[in-house]
Structures are given as structure tokens and as C-alpha cells.
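Engineer: No letters, just coordinates:
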């Protein structure tokens, strides 16, 4: 992605296969051309708060949607979610947890921290593609974002 100030979807996913499937599903359905994939929670926070290798990025240019895995290296997804939702500038960004975890504790913690939606990744390829497509349709086209 050339212009980091135009990212519409930030996908935080350490599994390259899941990341590729999500990207393909969104692009196939023409939901976004402006997507950035980061592989760990630390990189996600650096992007969101314009730190580290993203230091030159305009912090006011927020993504329209963050798709967040929970099981991430360096900083786990719950910590990323907590940082986003506890900051006045970023708390309005919709965050959808897209994870393989069906653990009740993960679901409860995610909602307690302010997640907008919690989706367990379907194991079946076709169902995964459909789930990501529907996510994109709802959050990018139907949902109204605050200005």
C-alpha cells in the first residue's frame, strides 16, 4: 500500500493463509482497494497511533474498520483492543474480532473492552469467504460512521 493515510481496512492477522483469504474475499467483492495487513499486535498499535515505522503517517487518517485476530505475537488482540477503545481519538473506530477462539472468556473480555462484533472464523474455506464478504458489506457500506 503506497498511501498509508488512505487505509480503509486494517487487518491484524498473523496467519498468512487467513490474511490472504480475507484480502481475496474483500477484493473479489470490490469492497476495498485500500487495505493494510499487519502481522502482530505491536505493528497494529504502531499503525493506529502513527509510531515506529508508521511515524510519518497522518494520525487523523483513521481506518474505517479494524479486523482483529486475538491470538497475535508480541501484543495480543485483547491488549490491542483495550488500547484502541481506551483512547478518545481511536475509540470510535469499529473493531471486529475475527478469530478462531470460541472461548467464552475471550468473547466476554472482548465485549467488555468495547469490541463492535465478535466473529469466530469458519473453518470451511467457502464459509470463511462469505463471512468476510458480509463483514465488509456491513461495516463499509451499510454502517454509518461518525465524521
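Structural biologist: All right, it came through fine. Computed from a predicted structure; not experimentally measured. Numbers count the residues shown, from 1 in each chain.

Engineer: can we go C-alpha only for contacts and neighbour counts from here?
Structural biologist: Noted.

Engineer: contacting residues around the residue nearest to residue 8 when sequence neighbours are not counted?
Structural biologist: The spatially closest residue to residue 8, leaving aside those adjacent along the chain, is residue 63, at 4.5 Å (CA to CA, 6 or more residues apart in numbering). With contact taken as CA atoms under 8 Å, 6 or more residues apart in numbering, residue 63 is in contact with 6, 7, 8, 9, 10, 93.

Engineer: you'd agree residue 63 is in a helix?
Structural biologist: No. Going by DSSP: H, G, I helix; E, B strand; the rest coil, the assignment for residue 63 is coil, not a helix.

Engineer: Please tell me how far it sits from residue 106.
Structural biologist: When distance is defined by CA to CA, to the nearest Å, residue 63 is 24 Å away from residue 106.

Engineer: and the gap between the nearest residue to residue 114 once chain neighbours are set aside and residue 135?
Structural biologist: If you skip the residues right next to it in sequence, residue 114 has residue 85 as its closest partner in space, 6.2 Å away by CA to CA, 6+ apart. Distance, residue 85 to residue 135, by CA to CA: 20 Å.

Engineer: Need phi/psi at the residue nearest to residue 114.
Structural biologist: phi -80, psi -10 (degrees, to the nearest 10).

Engineer: Tell me how many other residues crowd it.
Structural biologist: Summarising burial for residue 85: neighbours were counted as other CA atoms under 10 Å, giving 19.

Engineer: Could I have the buried ones of the contacts of residue 63 as PyMOL selection syntax?
Structural biologist: The following PyMOL selection, which keeps only the buried ones among the contacts of residue 63, applies the criterion 16 or more other CA atoms under 10 Å:
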select buried, resi 6+7+8+9+10+93
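
Engineer: Tabulate the contacts of residue 63 (CSV), appending distance to residue 75.
Structural biologist: Shown next, in CSV, are the contacts of residue 63 (distance: CA to CA, whole Å):
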residue, distance to residue 75
6, 24
7, 21
8, 22
9, 19
10, 16
93, 19
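
Engineer: tell me which of the contacts of residue 63 is nearest to residue 111?
Structural biologist: Checking these against residue 111 by CA to CA gives residue 93 as the nearest, at 14.5 Å.

Engineer: For the protein, give me the ranges with low pLDDT.
Structural biologist: In the predicted model, the chain carries pLDDT under 70 at residues 1-3, 5, 33, 141, 145-147.
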